[in-house]
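Q: Coordinates for the following, if possible.
(chains A, B and C)
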Amino acid sequence: MQALRVALPLPLEPMSYLPPHTPQGEEALEYRHRQGPHSPSLGRRVVVPWRGELRVGIVVGLEDSAHKGFTLRHAVAYLEPYPWLRPQDIHFLEQAAQELFAPLGSVLADLLPFLEPPLKHRLRLLPGTATSVLPSGLESLAEGWQEGRGYDPKLLDYLREGGVLEELVEEQRPSRQILVPLKTPDTALSAKGRLALETLHALGRAESMAALAQQAGVSAGVVRGLVEKGYAAFQESPLELPIGAQPQAVPIGDRPAVEGRALEPLPLPPEAQRISGGRWLLRLRALSGLVREGPTLVLFPEVAQLKRCLPHFPHALPFHGELSPELRRQIFHRIAGEGLSPGGVVLSTYQGLLLPFSPRRIVVMEEGSDAYKLSAGSRAFIPYLAELRAKLAGIPYTTVSLVSSLESEWELRQGHGLPLQPPRLHLLDMRQERGWPISGAAVNLLQQVAEKKRQAVVLVARRGYSALLRCKHCDWKAMCPDCALPLRLHRAGRAGRLLCHQCGHEEKAPPLCPQCGSEVFEPRGPGVEWLLEALQAAVPSLPRYRYTAEEKDRLEPLLAGEPGLLVGTTAILRAPTLPELALVLLPYAEGFLLDSDFRASERYHRLLWQLTELHPRRRPLLALQTFDPAHPAHLSLQQADPEGFLRNELLLRRALDYPPVQRMIKLELSHAKEPVARDAAMELAEFLRGRTRPGELLGPAPAPVPKVRGQYVFHLLLKGSTQRLRELMQGLPPARARLRIDPDPHSFVGLLED
DNA sequence: AGCACGCCGACT
DNA sequence: GTCGGCGTGCTC
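A: Model prediction:
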């Protein structure tokens, strides 16, 4: 008998099930005739029993059930008659899992986190079944169809396995209630009621009674009255696709189609694969040129960037994690079931990679962004997957970035540089300047901003007050008890708290040094709070606004153009544009370079260039307080030559055989007991040494932060081609400590999440 | 991933 | 003597 291989959104390989008992229905047969001869179940969502409960997976293959040494269970039902994934999508999924050294289900869970809908579940005892077999609590099942909710899943599974349960499972389709007018206003209505009803007529509909009341400027009671008297009523309405939806706010300086002026497409040489440089709007014009050629999948590293782009592509379909899961499923239904073709463009985050349509090109925006590296699950680096999908589909893969990444066949892909001007850069050599953390020279710059009533961004690498707290007399440092990391000081002085940014450990800052009793502490490494304090003293006339991922002040006055300072971490890159931005100051530029990581320099370089684009049209002065003015990244800005920086960087990577010359895999072994983690790492290294050539295996070594959240961490690194790494990873013995695999690691600090 | 099963330390 | 820690194994 034929069995289904079902991938569940779990870190597992697919499981086998027998097809559902219930017939697949006329629709499915009809669908098959329409679609051609492929299997009617491949790629479909299917509900299966899983550990006594019901889960939703995707049929990714078919096999002969006789191969299994045990009795397979039956799937319960398909969720729809058409496949969510086509054979080529499934093939891509399988290849991706291989590349990532991850189970198929892990990749599925990452790319389709909205796969499993709430289920509508009805069931009854198979007619003719002796009711005496019913366990207590299930008697009502003999009386006919029942809602599945409320029954003990384990007991139900017992009946299911016994083959006496009949089940109907379907997706709980989203529906929302909208308020629509039924009658025109008449004299029986009060003035307020009339106003509310007229407003409803004008709007056509309202999301809720409260929303209409607010719109019309009447109380909720007035609207309730309209409904009670039959002037208006709630009506079920399907979710609507966001195609063509106009975002309300248009970013500063952008001139999108909303204003009636479409972005003028920039012609590009047809062979260009790696487009870089230019300014944001110029790159958007380049993108506009690319998407004109036909259906295109455009990937963004972050939703914030996608949304900034959206107003310029009013006919594009946005697809990202801020859309509700219902809406994302709806989009899949429309594309997979109804053959809706997102005609032109899909602008998406990584979740759009499995959309079952056939773009003629895949474009990855800002392919060097760290946001493309998923931090949990399969830990995929999305541009690799995009490139893989393009390769399998035989379509062009194009990147459009301010600064290219060294990854993904950098040298092999035909580059096309857009014109780039040297940004206005001012290097403050802190070996010579006086004043910390704001030098006298920086104070002068800030005072000019104040005088001209302009705005400035002050960017630091750390939130909190300082990166560490040290005793001035002995060498005592506040350390986290659970991590090999210094505690960060939050709020200076009496109220000071010490926090670990890795594990969240928190304690009071000690009044005296625990080691020598001294009262004098020295904070090191300025953070946002320290800067807020120093700026208050240096330029009291400029109001300060804090902006970090955790704490955002309201920016209305700044957005209205009033003078002020935006002080924060790199979260500022996602903040709205400051209209009067004149200065971007980094008081401690090296703070962004401290990661012990071979990519730190490339990352710093990209950050500096990104900062030159904080305003889409203006050219604010970029001032860096640095101890290393001759850093190659600074040179790249002065000479407007990021490609030169990358070429140089590539030479270094080549000398060390680092990516992109070779791929890398990090094996992370962790355990609460240090020797256990160490031995496990040694053991694994021993095994690998037997099959590697010199240079392919690095380590084992304690991780750069050797203890995180009470776990001791050891690393092993493998370097090689994809093919070679696959050979090396084959048949890895089980480790005696927790083993986590990071394909193409981007960070070496901290413990891998899951 | 989640969950059950199974074997060694501090305690009502 | 038990409760519970987490290390190991399994899920079709």
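
Q: and after the lowest-mean-pLDDT helix or strand in chain A, which helix or strand comes next?
A: Sorted by mean pLDDT, DSSP states H and E, the helices and strands of chain A end with helix A:25-35, the least confident at a mean of 53. Following helix A:25-35 in sequence order, the next helix or strand is strand A:45-50 (DSSP states H and E).

Q: anything in that following strand sitting right up against DNA strand B?
A: No. For strand A:45-50, no contact with DNA strand B is found by CB under 7 Å from any atom of the strand; the gap never falls below 9.0 Å. The C-beta positions use only the backbone N, C-alpha and C, and glycine is treated the same way.

Q: Direction included, what does that strand pair up with?
A: strand A:53-64 (antiparallel), strand A:77-78 (antiparallel) (DSSP bridges).

Q: Could you export that strand as PDB, CA atoms only?
A: Backbone C-alpha positions of strand A:45-50 (Å, rounded to 0.1, in the frame of the first residue of the first chain) are rendered in PDB as follows:
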ATOM      1  CA  ARG A  45      -1.500  19.900   4.000                       C
ATOM      2  CA  VAL A  46      -2.600  16.900   6.000                       C
ATOM      3  CA  VAL A  47      -3.800  16.400   9.600                       C
ATOM      4  CA  VAL A  48      -2.100  13.500  11.300                       C
ATOM      5  CA  PRO A  49      -2.200  11.900  14.800                       C
ATOM      6  CA  TRP A  50       1.000  12.900  16.600                       C
END
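
Q: one step back: could you identify which of the strands paired with strand A:45-50 is most buried?
A: Ranked by mean neighbour count under mean count of other CB atoms under 10 Å, those are led by strand A:77-78, which reaches a mean of 23.

Q: which other helices and strands contact the helix or strand A:R470 falls within?
A: In this structure, A:R470 sits in strand A:466-471 according to DSSP H and E. Packing partners of strand A:466-471 (3 or more CB pairs under 8 Å, 6 or more residues apart in numbering; DSSP states H and E): strand A:488-490, strand A:521-526.

Q: now those strands as JSON lines including mean neighbour count, distance to A:L62 and mean pLDDT?
A: JSON lines is the format used below for the helices and strands packed on strand A:466-471 (neighbours: other CB atoms under 10 Å; distance: least, CB to CB, whole Å; pLDDT from 0 to 100):
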{"stretch": "strand A:488-490", "mean neighbour count": "24", "distance to A:L62": "55", "mean pLDDT": "91"}
{"stretch": "strand A:521-526", "mean neighbour count": "19", "distance to A:L62": "58", "mean pLDDT": "90"}
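
Q: Of those strands, give the one that comes closest to A:V661.
A: strand A:521-526 (33.4 Å; CB to CB).

Q: Mind listing residues that contact that closest one?
A: Contacting residues not belonging to strand A:521-526 are listed as A:436-437, A:460-462, A:465-472, A:489, A:492, A:509, A:513, A:530, A:534, A:587-588, A:591 [CB atoms under 8 Å, 6 or more residues apart in numbering].

Q: Drop anything exposed from those residues.
A: A:437, A:460-462, A:465-471, A:489, A:492, A:509, A:513, A:530, A:534, A:587-588, A:591 (16 or more other CB atoms under 10 Å).

Q: who touches the residue nearest to A:P422 when sequence neighbours are not counted in this structure?
A: Excluding its sequence neighbours, the residue lying closest to A:P422 (CB to CB, 6 or more residues apart in numbering) is A:A640, at 4.1 Å. Residues near A:A640 by CB under 8 Å, 6+ apart: A:420-423.

Q: Now with 10 Å, please.
A: Counting by CB atoms under 10 Å, 6 or more residues apart in numbering, A:A640 makes contact with A:277, A:419-423, A:609, A:612.
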